[in-house]
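Novice: Need the 3D shape of this:
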Amino acid sequence: MEKHLFNLKFAAKELERNSKKCDKEEKVEKLKLKKAIEKGNMEVAKIHAENAIRQKNQSLNFLRMSARVDATASRVQSAVTTKKVSKSMEGVVKGMAAAMKSMNLEKISTLMDNFEKQFEDLDVQTSVMEGAMSQSTATNIPQEGVDILMRQAADEAGLELNMELPGPAQATIGQSTQASTEQDELSQRLARLRQV
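Specialist: Next comes the predicted model:
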């Protein structure tokens, strides 16, 4: 399964390289388009415009496919990790069963500590995989960068762009209040657990 994981990651990188290559080709075609327009050769300009659009579409297709393959690779990675942790937990459970038969409290305590450690490792690996998944879907584009690019494109085209953007203060105030409320709840739960 790890061989398949390597092949998926390799394929995702290859698709990403092809996307970048198409981006470069699109820029070359746009330069040729501009030169053809300056010379007044509209037939050639039209051909270069079509080529630029085709290269852009192909670049986007490669990028989409790369994201899908990368997401699949992340899922396979998660499965491989889960399988490893499951085997470790299985061994701990068998050890616990043997320890319970002999009722050796030290051995049971050691095995429980190992079990908890394995469980924490699983949580960490799961959170890493979730992070990788969110990055692979390419949804982590900063909104501020998108807004700036849209304004630049509108300026170049001579258009006025009317966008109502939320201020950064609005979003952070609510989030900090929620975070402090969650922290208070966690502190209260911890205090109750310590009393037991």
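Novice: how close does V69 sit to K3?
Specialist: Distance, V69 to K3, by CB to CB, to the nearest Å: 15 Å. Placement of C-beta: from N, CA and C, glycine included.
Novice: Settle it for me: which of the two has more neighbours?
Specialist: Counted by other CB atoms under 10 Å, V69 and K3 do not tie: V69 has more neighbours, with 21 against 7.
Novice: what helix or strand does the more buried one sit in?
Specialist: helix 42-102 (DSSP states H and E).
Novice: One more: Q183?
Specialist: helix 168-195.
Novice: can you list the weak-confidence ranges in the protein?
Specialist: The model of the chain has pLDDT under 70 over residues 99-100, 102-105, 108, 132-143, 145-147, 149-179, 196.
Novice: Residues contacting stretch 116-123, please?
Specialist: 81-82, 85, 88-89, 92 (CB atoms under 8 Å, 6 or more residues apart in numbering).
Novice: May I see the PyMOL selection of the buried members of these?
Specialist: In PyMOL syntax, the buried subset of the contacts of stretch 116-123 is picked out as below (16 or more other CB atoms under 10 Å):
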select buried, resi 81+85+88+89+92
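Novice: closest to Q58 among the contacts of stretch 116-123?
Specialist: T81 (34.4 Å; CB to CB).
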